[in-house]
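Q: generate a structure from the sequence data that follows.
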Amino acid sequence: MTDQARINREGARPASLFERADAAFGIGAVRAPALPPVPPVSEPVRRVVASAPPQSAAPNGTTPPQAAPQPELPRPVAFCGPFAAIDRDHLRDSGLTVPEDPVTGLLEEFRIVKRELLADARAEDTPLARRILVCSPHPGEGKTYCATNLAIALAAERGLEVLLVDADVVKPTVARRLGIAAEQGLMDALADPALNVESLVIRTDIEGLFVLPAGTASTLDAEYLASARTGDVLDRLTRGAPNRILIFDTPPALAASPAAELAAHVGQALLVVRADETARAALEDAQQLLSACLDIKLLLNASRYSPSGRRFGTYGAKGI
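A: Okay, the predicted model is just below:
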C-alpha cells in the first residue's frame, strides 16, 4: 500500500453504521422521506382549554370562544302572606299537640308517622314526593285532626318548612282548629291567575309552620281543581324548595271530588280510617278514588288496642 493510499485511508471519514450495514446487507442508500408541503396559515392556531378562564380578548383583537353558561337552579318562592299567632290554649282544647308542651303519647305516635313520610320524601327527592294528601273515606274519621297534628310534628324538624293546605273547600276547618282568621286562600289563587299564591300563605308563630286557607268557595271549585292552573300553583309552592313539605287536608274521598282531583298532584297519600267504624268496602272504594297517587298509606285513628301492649307517653312520667 502506497503512502498516498495510506494517507487517503487514514484521512477518510469513518463509515457510518448505516453505510456499514449497506455494505454488509445491501439495504441501499438511506434517505430522509420527503415531507408534504406545509399549507400557509393566515392566523395563529389556538387551542381552547375548557378549564381555562375566559379571556376578554386575544392579542390580535379577536374574541375567543366562550363556554356555554350553566343553567341556574330555580329559586323557591318565599311565603309573604299575613302573620298570625296561634292560641296554644285553643290547641289544647281541640286535643292537638302543642310544640312547647311536654312530650305526650299522641306526639310520639305522630313522630312515627312523620318519620315514614319523610323517609319516602327524601328517598324520592322530588317535589311530588314532598306533597302529602291526608284524606278519609267518610266525614268524622279524623282526617283534619290527623293532618293538623302531623303538620305540627313535621314543623319541629330542623330546617324544614311545612305548609298546611286546607283543601277541604266544602267544609274548611283548618284555620278554625288553629284559632286563626282566614279570608283568601287556595281557591282564590286558582280562580285568579294574576294572584300569587305565596302572598296568601299565613305565617305563624310556630317555627316552620305555614297555613294556606281554603279561600273563597264557589260552584266551580271542582272545575278549578281539575284545571291546569292547579298544577302551576302547586309547582310554584314546591319548586326549588327541597326542605318544604306540603300537607293537604281534603274532603272525604266518598263525599266530594277534590280528594280524587288532588291525588294526581301528590306523591304520597295518607288515608285515615277510624278503628271499629270504617268499613272495609269504604276503605277499598276510597283507595280506588285516590289511585292517581301511587303511594297510599293507611293511618288507623282512635285505636285503643295494641297487640304488643305498646303505649307511648308513660316512660319518665312521675311515679313510674
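Q: show me where the stretch 51-200 of the chain has strands.
A: Read by DSSP state E, counting those that start in this stretch, the stretch 51-200 of the chain holds these strands, from start to end of the chain: 83-84, 131-135, 161-166.
Q: just the C-alphas of the lengthiest helix in the chain, formatted as CSV.
A: Ranked by residue count, the top helix of the chain under DSSP state H comes out as helix 105-124. What follows is the C-alpha trace of helix 105-124 in CSV, where atoms were taken according to Å, rounded to 0.1, in the frame of the first residue of the first chain:
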residue,chain,number,x,y,z
GLY,A,105,-98.1,9.8,73.7
LEU,A,106,-100.0,11.5,71.0
LEU,A,107,-96.9,13.4,69.8
GLU,A,108,-94.9,10.2,69.8
GLU,A,109,-97.5,8.5,67.6
PHE,A,110,-97.3,11.3,65.0
ARG,A,111,-93.5,11.2,65.2
ILE,A,112,-93.6,7.7,64.0
VAL,A,113,-96.0,8.7,61.1
LYS,A,114,-93.8,11.6,60.1
ARG,A,115,-90.6,9.6,60.1
GLU,A,116,-92.0,7.2,57.4
LEU,A,117,-93.4,10.1,55.3
LEU,A,118,-90.1,12.0,55.5
ALA,A,119,-88.1,8.9,54.6
ASP,A,120,-90.1,8.3,51.5
ALA,A,121,-90.0,12.0,50.5
ARG,A,122,-86.2,12.1,50.9
ALA,A,123,-85.7,8.8,49.1
GLU,A,124,-87.6,10.1,46.0
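Q: show me the helices in the stretch 51-200 of the chain, by range?
A: Using DSSP state H, counting those that start in this stretch, the helices found in the stretch 51-200 of the chain span residues 88-93, 105-124, 143-155, 174-178, 186-191.
Q: most neighbours per residue, which of these?
A: Among these, helix 143-155 has the highest mean neighbour count (mean count of other CB atoms under 10 Å), at a mean of 25. C-beta: built from backbone N, CA, C; applies to glycine.
Q: surely L163 meets V77?
A: No: with contact defined as CB atoms under 8 Å, L163 and V77 do not form a contacting pair (11.2 Å).
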